[in-house]
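Colleague: return atomic coordinates for the entry below.
(one chain, ligands or ions: 1)
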Amino acid sequence: MGKKYDIPLLKDHHTHTSIYASLINCIDLSAVRDKKKALLWMKKSREEITVIIGWNSSFYYFEDEELDCLPPVIICNISFHDFLINRPARERFFDSHKEIISHIGDGDWVERNLSAILKFVANIKPCNDDQVRSFFDGYLLKNGIWYAEDMLLADREIVNIFQRIGYSERTRFWADIETFDSLDSEAKKYVHGIKIFIDGALGAKTAALKEHFSTGERGILIYSDKKLSNTLMQLSKLKKPVAIHAVGDLATDQLIKILSDIQKTESCIPQIRIEHVQFISKESAETAKSLGIVLSMQPNFNNDSIQYADRLSAKYCKCNNPFRMLIDEVGYVPGEDLIFGSDGMPHGAQYALEQSLFPRYADQALTLEEFIAGYCMPDQKNGYIEIEIDEAEKNIKTEIASN
Ligand SMILES: [Zn+2]
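Modeller: Numbering: from 1, shown residues only. Sure, this is the predicted structure:
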């Protein structure tokens, strides 16, 4: 028998509420390791357009011929940074979304236009009041999550839905620049901050690492130094927080160097979060800490050192998510300037706790106290999670309880 604790429900600082809510009924391949089974599920779909989530390229790739004979299908890589659209779906959307359809196979273009692609996917079946309710209460809450930030507001209507159903306290909206600019001044007030991407993801082999992926690909830095600096200076005028997606060490170095110049000027940004930060040098982390930059990280991604060992060198597997360095050596404090979320990969307490307490590498470990400080609600008034930690078996059982 393991040790038992009650912890508050989770406060997921990074997920994609509007996208996942709209995709809640989609086929999810994240646990499907057999390509034949995946293809069979798609073939059997009776949807007009089938959107698939969770495809993991470390399990298998699809051939064009395998997909083109299916009904219209759009497949999202588990990272949401790589997409496959079969011929029938391309024909279907060619007139309405010519740019996206023409460039969807071009990794570089995809990274530079990711927000537009994600909004396109989310709006194929836009979510409604019931879907948001069932996403929060039927899905997130059952997995131990009370509050979940939306890192990419898909549409103005999402704000209306949350207001209408009274769930605004359970989220916070971040929008990309184009969406933000398109909103009316009332809606702008509900947007907490602006989100930008400066590199790709490990799942799509586009995260900007200092070395090539071991399979040969080179990650993508979306901005030149000058362009990034100008973009951030422009954003500072909005006086809103800014969240910046940066996974690879080439990206985190680039960003922190530029921020260290900007934050010393008058046009500094009120609050800066770096999202993911899976690879960061101690030197950059120290600079980030001194600038008051918040790191928003995903303990779930400790497992990337295992699942993406097919593309990361041993050195990179080992320095993914260096929580001990950040906390013990640089002085980051969970709950203050180090916060946690899931990115929906997957959502929930059980997996996040297991990855935090029993990671592959010691430097990735968090204590239960650190996990609670960085990942939980401040109190148990909305419910709590009963957890049982089995140190010997390295597993965790969770049970969601209400007051
Ligand atoms: Zn994300």
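Colleague: doesn't residue 9 make contact with residue 376?
Modeller: Yes. Counting by C-beta atoms under 8 Å, residue 376 touches residue 9, with 6.9 Å between them. Just so you know, the C-beta spots here come from the backbone N, C-alpha and C atoms, and that holds for glycine as well.
Colleague: would you mind listing what in the stretch 51-200 of the chain touches the ion?
Modeller: Within the stretch 51-200 of the chain, the positions near the ion by C-beta under 5 Å from the ion are residue 151.
Colleague: for the closest residue to the ion within the stretch 51-200 of the chain, give me its contacts.
Modeller: Across the stretch 51-200 of the chain, the shortest distance to the ion (C-beta to the ion) belongs to residue 151, at 4.9 Å. If a contact means C-beta atoms under 8 Å, 6 or more residues apart in numbering, then residue 151 has 14-16, 174, 195, 243, 275 as its contacts.
Colleague: for residue 148, which non-adjacent residue is spatially closest?
Modeller: The shortest distance from residue 148 to any non-neighbouring residue, by C-beta to C-beta, 6 or more residues apart in numbering, is to residue 12 (4.4 Å).
Colleague: that neighbour belongs to a strand?
Modeller: Yes. Per DSSP: H, G, I helix; E, B strand; the rest coil, residue 12 lies within a strand segment.
Colleague: burial of it, as a residue count?
Modeller: Per other C-beta atoms under 10 Å, the neighbour tally for residue 12 reads 28.
Colleague: ok, it - contacts?
Modeller: Residue 12 touches 140, 145, 147-149, 341-342, 347, 375, counting by C-beta under 8 Å, 6+ apart.
Colleague: quick check: phi and psi at the residue of the stretch 51-200 of the chain closest to the ion.
Modeller: With angles defined as degrees, to the nearest 10, residue 151 sits at phi -80, psi -10.
Colleague: taking this protein, what residue is nearest to the ion?
Modeller: Counting by C-beta to the ion, the chain gets nearest the ion through residue 343, at 4.4 Å.
Colleague: I'd guessed that residue sits against residue 17; true?
Modeller: No. Taking contacts as C-beta under 8 Å, residue 343 lies outside contact range of residue 17: 11.6 Å.
Colleague: which of the two has more residues huddled nearby?
Modeller: residue 17 (28 against 24).
Colleague: for that one, which non-adjacent residue is closest in space?
Modeller: Nearest residue to residue 17 in three dimensions, chain neighbours excluded: residue 150, at 3.7 Å (C-beta to C-beta, 6+ apart).
Colleague: tell me the two of the contacts of residue 12 that are most distant?
Modeller: 140 and 375 (13.7 Å; C-beta to C-beta).
Colleague: okay, those two: which has more neighbours?
Modeller: residue 375 (29 against 26).
Colleague: wait, the residue nearest to residue 17 touches residue 159, no?
Modeller: No. Here residue 150 does not reach residue 159: they are 9.7 Å apart, not a contact under C-beta under 8 Å.
Colleague: who touches both of those two?
Modeller: With C-beta under 8 Å, 6+ apart, residue 150 and residue 159 have common neighbours residue 173.
Colleague: so for stretch 368-377, mean pLDDT?
Modeller: On average, the pLDDT along stretch 368-377 is 98.
Colleague: what's it in contact with?
Modeller: 5, 7-13, 146-147, 299, 323, 327, 333-335, 338-341, 352-353, 356-357, 366, 389.
Colleague: give me the buried positions along that stretch.
Modeller: Within stretch 368-377, the residues that count as buried by 16 or more other C-beta atoms under 10 Å are 368, 370-377.
Colleague: contacting residues for residue 217?
Modeller: 205-206, 311.
Colleague: the same query, at a cut-off of 7 Å, please.
Modeller: Neighbour list for residue 217: residue 205 [criterion: C-beta atoms under 7 Å, 6 or more residues apart in numbering].
Colleague: now the helices: where do they sit in the stretch 251-400 of the chain?
Modeller: Remark: helices assigned in the stretch 251-400 of the chain by DSSP state H, counting those that start in this stretch are 282-290, 304-307, 314-319, 323-324, 349-357, 368-375.
Colleague: for the shortest one, what is the distance to the chain centroid?
Modeller: When you say that, I think you mean helix 323-324. 20 Å (C-alpha atoms, centre = their mean, to the nearest Å).
Colleague: please apply the same query to the fifth one.
Modeller: Centroid separation for helix 349-357 versus its chain: 16 Å, with C-alpha atoms, centre = their mean.
Colleague: can you classify residue 164 as helix, strand or coil?
Modeller: helix.
Colleague: the closest residue to it other than its chain neighbours - how many residues pack around it?
Modeller: Excluding the flanking residues, the one nearest residue 164 by C-beta to C-beta, 6+ apart is residue 129, at 6.1 Å. By the measure other C-beta under 10 Å, the count of residues near residue 129 is 13.
Colleague: could you pull up the residues touching the residue minimising distance to the centre of the chain?
Modeller: For the chain, the residue nearest the mean C-alpha position is residue 343 (3.1 Å; C-alpha atoms, centre = their mean). The contact partners of residue 343, taken as C-beta under 7 Å, 6+ apart, are 14-15, 298.
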